[in-house]
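Please work out how this folds:
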Amino acid sequence: MGFGGISIWQLLIILAIIVLLFGTKKLRGIGSDLGGAIKGFKKAVSDEDSATESKPEAEPEKLNNTTTQQAQPASEKEKNKV
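Numbering: from 1, shown residues only. Next up is the predicted model:
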């Protein structure tokens, strides 16, 4: 018994029908396109992981700058009120 009640022979027949319908050249092209897409996806994920590892060091500086910049105008408004 194979996958979900499908035997190996039935899978081979389905594979033969697919090869007859599309041809080996088109299937080879689809396979290479799929492989390239997977490589691109893996590269993007690894680039993102390396970028996020270096970002936490830079993030607190960015947060401190924005909070101090936001706090300054508020204190200036309070000074103007007094």
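
Only C-alpha atoms from now on, for both contacts and neighbour counts.
Will do.

pull the helix or strand with minimum mean pLDDT from the chain.
Lowest by mean pLDDT, DSSP states H and E among the helices and strands of the chain is helix 24-81, with a mean of 73.

Run a quick neighbour tally on residue 28.
If you count neighbours by other Cα atoms under 10 Å, residue 28 ends up with 12.

so how far is residue 44 from it?
24 Å (Cα to Cα, to the nearest Å).

What of residue 38?
Residue 38 is 10 Å from residue 44, by Cα to Cα.

Ok, residue 16 next?
35 Å.

And for residue 17?
From residue 17 over to residue 44 (counting by Cα to Cα), the distance is 36 Å.

try residue 30
Distance from residue 30 to residue 44, by Cα to Cα: 21 Å.

What count of nearby residues applies to residue 39?
Counted with other Cα under 10 Å, residue 39 comes out at 12.

same check, this time on the one 3 residues further on
A count of nearby residues for residue 42, using other Cα under 10 Å, gives 12.
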